[in-house]
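Novice: I would like to see how this sequence folds:
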Amino acid sequence: MSVLFWVWILMMESHASEVIRAHSGGAVLLTSDHRLQLKQDVRWTHPDLLVSLKNNVTACSHGRCQLLHDGSLRFSRVQPGDSGNYSLQVYEEDGTRVLRRDFLLLVEDLSSRSVLVTVLILLFLLLLLLFIIIILFVLNRKERIRRSGLLEDNLYVEMHSYRGNKREEDECHYVSCNPAVSVETPIPAQSSEENVDM
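Specialist: Residues are numbered from 1 along each chain as shown. Below you'll find the predicted structure:
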């Protein structure tokens, strides 16, 4: 139910002298607890209801409630639409009010409650699933970053270890490994005549 509905109920509970809670489809009795004298009139009022012993209006228009001879109001099957403030007023024959008593009837619809519980459970499960998916995504991402970092490190180490630690055999392909042999190219001796011609 909406937040406004519950705020309304809390406001009504603070003003009502007696709160009656019932489940949809159940029977409810709003008792007067007042000993009626002869010639006294009992009236029950609600925004959709006015029943009175004096006017011989003892049944509700919807047929689910009835004003009893002791002044009590009985519902055979309450519905959520019956929720609200009910006011009991007892008058003397001359019209003087002797008693006023207020009731707040709260009818809970069990079918809407079970639907609400089901919806809340499904929302919780969806949020849990979303949380698990996010956690798995983050862990997978971290693992991929870690693996790619290891591959780069390994490649870097292999490249540097090969270049920095060349074996002598590898170098011997290009240069003579015999230290007695010089790798310098001999320069032919020039004769003095060739120097003069120039």
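
Novice: Show me the strands in the chain, by range?
Specialist: Ranges of strands in the chain, per DSSP state E, are 18-23, 28-30, 41-46, 49-52, 65-67, 73-75, 84-91, 97-108.

Novice: So which of those is nearest residue 116?
Specialist: strand 97-108 (10.9 Å; Cβ to Cβ). Bear in mind the C-beta positions are built from the backbone N, C-alpha and C, glycine included.

Novice: contacting residues for the closest residue to residue 36 other than its chain neighbours?
Specialist: Sequence neighbours aside, residue 71 is the residue nearest to residue 36 in space, at 5.4 Å (criterion: Cβ to Cβ, 6 or more residues apart in numbering). Counting by Cβ atoms under 8 Å, 6 or more residues apart in numbering, residue 71 touches 32, 34, 36, 42, 53, 88, 90.

Novice: The second one: how many residues sit nearby?
Specialist: In this case it means residue 34. 16 (other Cβ atoms under 10 Å).

Novice: Quick one, grab the pLDDT at it.
Specialist: Residue 34 is assigned 73 on the pLDDT scale.

Novice: Repeat that for the fourth one.
Specialist: Predicted confidence (pLDDT) at residue 42: the value is 88.

Novice: any idea how far it is from residue 31?
Specialist: With distances taken as Cβ to Cβ, to the nearest Å, residue 42 is found 12 Å from residue 31.

Novice: the more surrounded of the two?
Specialist: Set side by side, residue 42 and residue 31 show more neighbours around residue 42, with 24 against 16, by other Cβ under 10 Å.

Novice: Would you quantify the distance from the residue nearest to the more buried one when sequence neighbours are not counted to residue 119?
Specialist: Closest residue to residue 42 apart from its sequence neighbours, by Cβ to Cβ, 6+ apart: residue 71 at 4.1 Å. Plainly put, residue 71 is 42 Å away from residue 119 if you go by Cβ to Cβ.

Novice: for this structure, which spans come out with low pLDDT?
Specialist: 1-16, 111-113, 149-198 (pLDDT under 70).

Novice: that older thread, how about the residue nearest to residue 36, phi and psi?
Specialist: Phi and psi for residue 71, reported as degrees, to the nearest 10, are phi 100, psi 0.

Novice: I'd like to know how far it sits from residue 117.
Specialist: Using Cβ to Cβ, one obtains 39 Å as the distance from residue 71 to residue 117.

Novice: do the same with residue 29
Specialist: Distance from residue 29 to residue 117, by Cβ to Cβ: 29 Å.

Novice: Report how many residues lie close to residue 25.
Specialist: When neighbours are counted by other Cβ under 10 Å, residue 25 registers 13.

Novice: what number of residues lie near the closest residue to it other than its chain neighbours?
Specialist: Leaving out its chain neighbours, the residue that sits closest to residue 25 by Cβ to Cβ, 6+ apart is residue 77, at 5.4 Å. Residues near residue 77, counting by other Cβ under 10 Å, number 14.

Novice: Repeat that for residue 23.
Specialist: Neighbours of residue 23 (other Cβ under 10 Å): 12.
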